[in-house]
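Chemist: everything below, folded, please.
(2 chains)
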Amino acid sequence: MDDDGVTYEEFVAARAQALLRYGYVLTGNADDAADLLQEGLIRLRGAWGRVVNKHDPEGYVRKIMSRQHINMWRRRRREHLVGSVPERHYDDGGLERAEHDPRLWEALTTLPPRQRAVLVLRYYEDLSDEEIAGTLGISRGTVRSQASRALDKLRADWRPAAASAAGGHHDR
Amino acid sequence: MTDDLDRALRGTLSTAAREAPGLPPELLERVEAGHHRRRRRRAAAAGLAVAVAVAGTGVAGALARSADEAAPVAADGRLKPLSPADLGTPVKVRERWPDAVRSVPGRLPNGRELHPVELLGDGTLVAATWSSLQMPDKLWSYDLAAGEARTITDIVVPRGSRIYASDFTIAGDQVVWWLSYRAKGGDRVEVWGAPLAGGAAHKITGLPGRDVSTLLAEEDGVVLATSDGVYRAPLAGGAAERIPGTEGFEIVSWPWIGSPASLKGGVGYIRYRTLWNVSTGERRKARLAPFKGAWTCGVTWCVGGPASGVTYHGDVKTAVQRRDGKAGRTLPGDRVGPTQPPIYGRYLAYFPEGPAKTKTHILYDIESGRLLDTGIRRTHEVLGSVRNNQDPQYFLEAEGGTVLLDLSKIR
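Modeler: Residues are numbered from 1 along each chain as shown, chains lettered A, B, ... in the order given. Now for the predicted structure:
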């Protein structure tokens, strides 16, 4: 959408919900998502005139949220990060529903935040490794190693839903 | 297995995102409080309250007025409250005006993600690619019929860049943009251009400043608005000259400029109350009905919504009214999104089912009073008016690609 030249208030009104969703997939729980969003918006509010490209306040906030998520975790106890499986509303398209896997969502909570952030940026935000590196302030090599570690961990613990639905025992 | 896991991750994350909770109702107050705490040392920090209507934050009570509000303006007309029945069933845009909505590729044949600028009449898509977040590196001309893309130009990124190449605009046989950077002696903005047929990018003009609020093209030149006024420069290159008397004005719909341009104003405030046609010298003033919010005006129509600096307890409707005070009305339903001039001079984003349940982009046509359903799926965003009010093309990211909404095709 071309909504250049928005004011801070316009931006918040239009994008806060989407940013909260981003915070939610990043952290896995509603409270941390709200905290991250709040922090991101406070910083944006202070930097509104200085954001290097005013045309991407959203990118700026997402970057802050991603980095904050990782830093926050360093100061926190792990139990804060264990999220709950979102309550399902069965009004979505059948295909999307089939692709949702509550066990995978749960497995994501066991990842360290940086690994989770890399996966969220890659699979939710569709960013390239280079863009992920820029967002998180780490090298491309670190992006790759974090992603592969995270995927290995998930893979060890996860079977495609179809397989387990067909009777396979899902061992967690 | 990897593909399965990739797919499952995408599906799981996007489903989870859709099921994220709603915004905490007190979020914006907490943001403001946090911001002011951090700014405490600045004794004179302006108290700009975020008076935005966010989906789902229903509050009740009376309206608190800010101290420095403007007096409500006397008007000829009144605001007539409309009911949902008055608006009727939305007209399906795709059926009625099939040319108005079309898909365009989201990527180049080589796979790079495109950020569209404009679809030209000959079916060529002009678009940018980014080398990193918000940093355009190349402009492309993509012949959609032939499926062939070629580079128009490489974008020059100056040292000390503050704002990367922005607001790409077609100007005659060129594409122009602006950027800003830090330099000795202060920040500078520059307007650059390149021939659409392909060729090196060149500087058209430059002036002190950080930001250009609007850049657009006229016959042989470019027009740019900054916080200091409205400037013109020849497309062939040369000094930018300020149009005398344009300080404090912003471009509303060229050659109409408006004042005051600030977004901050209390109850009764009218953004762009005064209009000035810099070609003919004609001036117009808005005379609007009393309303417990603030207005933002286009050339013909004004839109009313919550005033900034005001805490509302109880709903504020969206109001529309002609600049001359005629045809005033308020729309049913909760107000959603920012108050901004009408899109393309005559449309407003509207949510007949509320913001959460309205799945597609629906416009209220202020002229005709009917609702238009574009059929384009929303991804939680609200359509806004673009910098150049006369630009009919909106590119929207939708499931499965980019969709172009061309408002000039709706008649």
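
Chemist: which stretches in chain A count as helices?
Modeler: For chain A, helices defined by DSSP state H occupy the ranges A:8-27, A:30-47, A:57-75, A:94-99, A:102-108, A:113-119, A:129-136, A:140-157, A:161-165.

Chemist: Serialize the ones you listed to JSON lines and add fields for distance to residue B:267 and mean pLDDT.
Modeler: All C-beta spots, glycine's among them, are computed from the backbone N, C-alpha and C. Below are those laid out as JSON lines (distance: least, CB to CB, whole Å; pLDDT from 0 to 100):
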{"stretch": "helix A:8-27", "distance to residue B:267": "16", "mean pLDDT": "87"}
{"stretch": "helix A:30-47", "distance to residue B:267": "23", "mean pLDDT": "85"}
{"stretch": "helix A:57-75", "distance to residue B:267": "27", "mean pLDDT": "78"}
{"stretch": "helix A:94-99", "distance to residue B:267": "45", "mean pLDDT": "41"}
{"stretch": "helix A:102-108", "distance to residue B:267": "46", "mean pLDDT": "84"}
{"stretch": "helix A:113-119", "distance to residue B:267": "44", "mean pLDDT": "92"}
{"stretch": "helix A:129-136", "distance to residue B:267": "41", "mean pLDDT": "90"}
{"stretch": "helix A:140-157", "distance to residue B:267": "50", "mean pLDDT": "90"}
{"stretch": "helix A:161-165", "distance to residue B:267": "55", "mean pLDDT": "42"}
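
Chemist: show me what the residue lying closest to residue B:249 once chain neighbours are set aside is bridged to.
Modeler: Distance criterion CB to CB, 6 or more residues apart in numbering or on different chains; nearest residue to residue B:249, sequence neighbours excluded, is residue B:257 at 4.2 Å. Residue B:257 has these beta-bridge partners by DSSP bridges: residue B:251, residue B:276.

Chemist: residue B:257: what's it in contact with?
Modeler: The contact partners of residue B:257, taken as CB atoms under 8 Å, 6 or more residues apart in numbering or on different chains, are B:225, B:230, B:246, B:249-251, B:275-276, B:278.

Chemist: ok, back up a step: nearest to residue B:282, of the helices of chain A?
Modeler: Nearest to residue B:282 among those is helix A:8-27; the distance by CB to CB comes to 29.3 Å.

Chemist: now that closest one against helix A:30-47, angle please.
Modeler: 140 degrees (axes from the mean of the first three to the mean of the last three CA atoms, to 10 degrees).

Chemist: what helices and strands are in contact with helix A:8-27?
Modeler: helix A:30-47, helix A:57-75, helix A:113-119, helix B:2-18, helix B:27-38 (3 or more CB pairs under 8 Å, 6 or more residues apart in numbering or on different chains; DSSP states H and E).

Chemist: which one of the ones you listed lies nearest to residue B:388?
Modeler: helix A:57-75 (19.8 Å).

Chemist: that closest one near chain B anywhere?
Modeler: Yes. Using CB under 8 Å from any CB of the partner chain, helix A:57-75 reaches chain B at A:59, A:63.

Chemist: who are the packing partners of that helix?
Modeler: helix A:8-27, helix A:30-47, helix A:113-119, helix A:129-136.

Chemist: can you list those helices in JSON lines and add mean neighbour count?
Modeler: Conversion of the helices and strands packed on helix A:57-75 to JSON lines gives the following (neighbours: other CB atoms under 10 Å in any protein chain shown):
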{"stretch": "helix A:8-27", "mean neighbour count": "24"}
{"stretch": "helix A:30-47", "mean neighbour count": "21"}
{"stretch": "helix A:113-119", "mean neighbour count": "24"}
{"stretch": "helix A:129-136", "mean neighbour count": "20"}
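
Chemist: can I get those in TSV including distance to residue B:32?
Modeler: Converted to TSV, the helices and strands packed on helix A:57-75 look like this (distance: least, CB to CB, whole Å):
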stretch	distance to residue B:32
helix A:8-27	10
helix A:30-47	8
helix A:113-119	28
helix A:129-136	27
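
Chemist: relative to residue B:180, which of those helices is closest?
Modeler: Here helix A:30-47 is closest among these (CB to CB), at 15.6 Å.

Chemist: the inter-axis angle of that closest one versus helix A:57-75?
Modeler: 130 degrees.
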